[in-house]
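>>> Below are the sequence and a predicted model for it; my questions follow.
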Amino acid sequence: MEDIIKKFEGLRVLVIGDVMIDAYLIGHVDRISPEAPVPVVAVQRKDYRLGGAANVALNLQALGAKPILCSVIGTDQEGNDLIQLLENANISCSGIIQSEERKTSSKTRVMAQNHQMIRIDNEQTNLLSDYDTYVLSQRILNDLLPGVDVVLFEDYDKGVISETLIEHVVQKAAHLGKKVVVDPKHRNFMFYKNVDLFKPNLKELKEGFQVNTDPSMRDEFELAIKKLFKELQIKNILLTMSERGVMISDGNTFEYFPAHLRKIADVSGAGDSVISVASLCVALGVSNKETALLSNLAGGLVCEEVGVVPIDLNTLRREAAKL
């Protein structure tokens, strides 16, 4: 596993998807409001982090790779703040389009005593305008895609990714011999055809493919997965199942790996770490088993941290040596 992790260094990953700011108001609670039966959070500090596909880019960078982030954000203050956060993190903004028609997504979490009290979402989720989709696709297809090792669709259902964009990018990637990895959501679930690795979680599988089967019913479950393979013509699927671990399949063989027992502090961002490691494994052409083992480990490690944080490379190396 150590040899695989070493080869992550320098891999170029084109990350296409919805970006956002993850804001944290962190404090403590010691009384209830006299105005309503709600806790009063005395804020001690504010923290602004890259979220959504931008957190995936952070994870990739932490793993030694070189992410190129592609998205559309607003010309608002949040958009300017996001650009600044990317620059501070030394992540390329060459694929970021700012549009006057778009609001920059932000999620504000109020934290106290290491617990999330409430989350406030300020976002726009309708599809991009035809013009913005065209500008983004041209930037990707003509300027960025030819120079990368793997393409990663990081879909948060906020409107940046559309059926048209998926089709054009997957076709161009195939023409150039680039592998495509997908972290899907409901709206575009059935549009991701002919990709190399498809990574839904169990909830997304049930909603996107409209199936109610459960992994505990092994035969029925695997039959549904095979049907998904046939409809999407995908090459591999990596299914994350929370406390049940992960399943990986090429449509013929199915391998299951249990979740790592850890002290769970916060599951936010775990999927981002999983898909980051998985995309680099796909770029390197490693086996499905190794891809699943490393990705599953990465997801477990970030759950030990509060808030959305990237994977720590040294910790991953140390823990991977135990596999």
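Arrived safely, thanks for sending.
>>> Helices along the stretch 101-250 of the chain, start to end?
130-138, 163-176, 202-209, 218-232 (DSSP state H, counting those that start in this stretch).
>>> Output those in a markdown table; the columns should cover distance to residue 259.
For every residue, glycine as well, the C-beta is placed using N, CA and C. Below are the helices of the stretch 101-250 of the chain laid out as a markdown table (distance: least, CB to CB, whole Å):
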| stretch | distance to residue 259 |
| --- | --- |
| helix 130-138 | 36 |
| helix 163-176 | 30 |
| helix 202-209 | 12 |
| helix 218-232 | 17 |
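>>> any chance of those in CSV, plus mean pLDDT and mean neighbour count?
Converted to CSV, those look like this (pLDDT from 0 to 100; neighbours: other CB atoms under 10 Å):
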stretch, mean pLDDT, mean neighbour count
helix 130-138, 97, 16
helix 163-176, 98, 17
helix 202-209, 93, 17
helix 218-232, 95, 15
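>>> helix or strand for the residue positioned nearest the centre of the chain, which one?
Among the residues of the chain, the smallest C-alpha distance to the mean C-alpha position (CA atoms, centre = their mean) belongs to residue 272, namely 3.7 Å. Residue 272 is part of helix 270-284 when elements are defined by DSSP states H and E.
>>> circling back: of all the helices of the stretch 101-250 of the chain, which one comes closest to residue 108?
Evaluated with CB to CB, the helices of the stretch 101-250 of the chain place helix 202-209 nearest to residue 108, the distance being 23.5 Å.
>>> Can you check what angle separates that closest one from helix 270-284?
Helix 202-209 runs at 70 degrees relative to helix 270-284, counting by axes from the mean of the first three to the mean of the last three CA atoms, to 10 degrees.
>>> does the spatially most distant residue from the centre of the chain count as helix, strand or coil?
For the chain, the residue at maximal distance from the C-alpha centroid (CA atoms, centre = their mean) is residue 34, at 40.6 Å. The local conformation at residue 34, judged by DSSP: H, G, I helix; E, B strand; the rest coil, is coil.
>>> can you pull the contacts of the closest residue to residue 70 other than its chain neighbours?
Counting by CB to CB, 6 or more residues apart in numbering, the nearest residue to residue 70 once its immediate chain neighbours are dropped is residue 95, at 3.3 Å. For residue 95, the contacting residues are 14, 16, 68, 69, 70, 71, 139, 140, 144, by CB atoms under 8 Å, 6 or more residues apart in numbering.
>>> Can you name every helix or strand that the helix holding residue 272 contacts?
Using 3 or more CB pairs under 8 Å, 6 or more residues apart in numbering; DSSP states H and E as the contact criterion, the secondary-structure elements in contact with helix 270-284 are strand 12-17, helix 53-62, strand 150-154, strand 179-183, strand 197-198, strand 237-240, helix 288-302.
>>> Mean neighbour count, mean pLDDT and distance to residue 172 added to those, as a markdown table?
Compiled in a markdown table, the helices and strands packed on helix 270-284 are given as follows (neighbours: other CB atoms under 10 Å; pLDDT from 0 to 100; distance: least, CB to CB, whole Å):
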| stretch | mean neighbour count | mean pLDDT | distance to residue 172 |
| --- | --- | --- | --- |
| strand 12-17 | 25 | 98 | 11 |
| helix 53-62 | 27 | 95 | 19 |
| strand 150-154 | 29 | 98 | 9 |
| strand 179-183 | 27 | 98 | 10 |
| strand 197-198 | 24 | 98 | 18 |
| strand 237-240 | 25 | 96 | 23 |
| helix 288-302 | 23 | 90 | 24 |
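>>> who wins for proximity to residue 115 among those?
Residue 115 lies closest, by CB to CB, to one member of the helices and strands packed on helix 270-284: helix 288-302, at 17.5 Å.
>>> Please list the outside residues in contact with the following helix or strand past the closest one.
Helices and strands here follow DSSP H and E; after helix 288-302, the next one along the chain is helix 313-320. Residues outside helix 313-320 that contact it (CB under 8 Å, 6+ apart): 1, 2, 5, 62, 63, 64, 277, 294, 297, 298, 301.
>>> between helix 313-320 and helix 270-284, how many degrees?
Computed by the same axes, to 10 degrees, the angle between helix 313-320 and helix 270-284 is 80 degrees.
>>> And the average pLDDT for helix 313-320 is what?
For helix 313-320, mean pLDDT rounds to 87.
>>> Now do that helix: distance to the chain's middle.
Between the centre of helix 313-320 and the centre of its chain there are 20 Å (CA atoms, centre = their mean, to the nearest Å).
>>> Please apply the same query to stretch 64-81.
Using CA atoms, centre = their mean, the mean C-alpha position of stretch 64-81 is found 15 Å from that of the whole chain.
>>> same deal with stretch 117-129?
Its chain's C-alpha centre and that of stretch 117-129 lie 16 Å apart, by CA atoms, centre = their mean.
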